[in-house]
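*Asks:* Build me a model:
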Amino acid sequence: MSGLRGAASIVGAGTYGLGEAPGLTELEITSGAVAASLADAGQRPADVDAVFCASVTHNMGSLALCEYLGISPRFSDSSMIGGSSNLAHLMTAMMAIATGQCEVALIAYGSNQRSASGRLVSTSRPDPYEGPYGPRQPITSYALAASRHMHEYGTTREQLAEVAVAARAWAALNPEAFLRAPLTVADVLASRPISDPFTVRDCCLVTDGAGAVILTAPDRARDLRRPPVPVLGAAMAH
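*Replies:* Next comes the predicted model:
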């Protein structure tokens with residue numbers, strides 16, 4: 001990212017339906033966040049010429065969103081790499097802006113997984129080593145990685161629980177967070193087991209909601225309604 005430092009700025013952001021959004025589809029929730037982000041940036045849908053959107057229900061998330069919004073961008077990316085998708089899209093959007101492929105990039109993601117009764121699913125890939133045991137993905141994959149980390153580095157169960165405790169502490173500062181009640185290491189360890197060594201309190205919450213950000217080049221960003229937030233660095237891992 002060193003060559004792209006400051007190549008783009010975030011000029012708008014929005015969320016919609018965080019927590020529970022019963023009766024709304026994934027696209028409806030996502031479009032709500034898109035509308036909020038465009039309003040925040042003082043931009044119109046027609047100003048967007050690049051769309052980045054991952055989806056768990058649409059193979060081509062960005063194309064589905066573009067059709068729903070009635071826009072025709074010059075550049076689109078529907079790459080889905082799990083939790084790293086949106087940050088990967090940020091990096092790709094910066095490259096697209098820096099090379100003149102687009103001027104205004106929309107990055108969005110939404111899900112109605114909670115209200116649509118989406119939960120953990122068993123692996124669907126033919127895997128002779130894990131498949132027979134019915135792993136519950138993605139939790140089981142991370143549980144195996146955590147077990148290996150404990151074996152190699154002596155990481156304790158209490159140290160792993162601190163991740164969930166820290167996440168809840170940050171959530172307590174966010175009025176839109178789904179759960180804000182205090183959480184302790186003891187609470188995490190005493191909760192229902194899911195996939196050893198993890199309990200239910202270690203696991204990511206299953207919620208509805210969407211978020212979107214608007215990126216543009218620094219020279220264009222200076223003329224918009226809000227002070228731009230330059231992107232100085234980014235990285236991803238999964």
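
*Asks:* my guess is Glu162 contacts Thr184, does it?
*Replies:* No - with contacts counted by Cβ atoms under 8 Å, Glu162 stays clear of Thr184, the gap being 10.1 Å. (C-beta placed from N, C-alpha, C; glycine too.)

*Asks:* Tell me how far the longest strand seen in the chain lies from the chain's centre.
*Replies:* Assignment by DSSP state E gives strand 9-19 as the longest strand of the chain. Its chain's C-alpha centre and that of strand 9-19 lie 11 Å apart, by Cα atoms, centre = their mean, to the nearest Å.

*Asks:* Stretch 41-58 now?
*Replies:* Between the centre of stretch 41-58 and the centre of its chain there are 15 Å (Cα atoms, centre = their mean).

*Asks:* start to end distance for that stretch?
*Replies:* 27 Å (Cα to Cα, to the nearest Å).

*Asks:* low-scoring stretches of the protein, by residue?
*Replies:* Along the chain, the model assigns pLDDT under 70 to residues 1-2, 117-127, 238.

*Asks:* in it, which spans are helices?
*Replies:* For the chain, the helices defined by DSSP state H occupy 26-41, 61-69, 85-98, 139-153, 157-171, 185-190, 218-221.

*Asks:* that older thread, in the longest strand of the chain, which residues are buried?
*Replies:* Within strand 9-19, the residues scored as buried using 16 or more other Cβ atoms under 10 Å are Ser9, Ile10, Val11, Gly12, Ala13, Gly14, Thr15, Tyr16, Gly17, Leu18.

*Asks:* Test my guess that the fifth one contacts Leu38.
*Replies:* Put plainly, it is Ala13. No - assessed by Cβ under 8 Å, Ala13 is found out of contact with Leu38, at 10.4 Å.

*Asks:* what is in contact with these two at once?
*Replies:* Ile214 (Cβ atoms under 8 Å, 6 or more residues apart in numbering).

*Asks:* Domain ranges for the chain, per the record?
*Replies:* If you go by the TED database, the domain ranges for the chain are 8-118+207-231, 134-199.

*Asks:* Of the ones you listed, which is nearest Ala237?
*Replies:* Among those, domain 8-118+207-231 comes nearest to Ala237, with 6.9 Å by Cβ to Cβ.

*Asks:* isn't His195 right next to Ile139, touching?
*Replies:* Quick fix: residue 195 reads Ser, not His. Yes - in this structure, Ser195 is within contact of Ile139 by Cβ under 8 Å, at 4.8 Å.

*Asks:* neighbour count winner among these two?
*Replies:* Counted by other Cβ atoms under 10 Å, Ser195 and Ile139 do not tie: Ser195 has more neighbours, with 21 against 17.

*Asks:* Spatially nearest residue to that one, not counting backbone neighbours?
*Replies:* Distances taken as Cβ to Cβ, 6 or more residues apart in numbering put Ala143 closest to Ser195, at 3.9 Å, once the chain neighbours are dropped.
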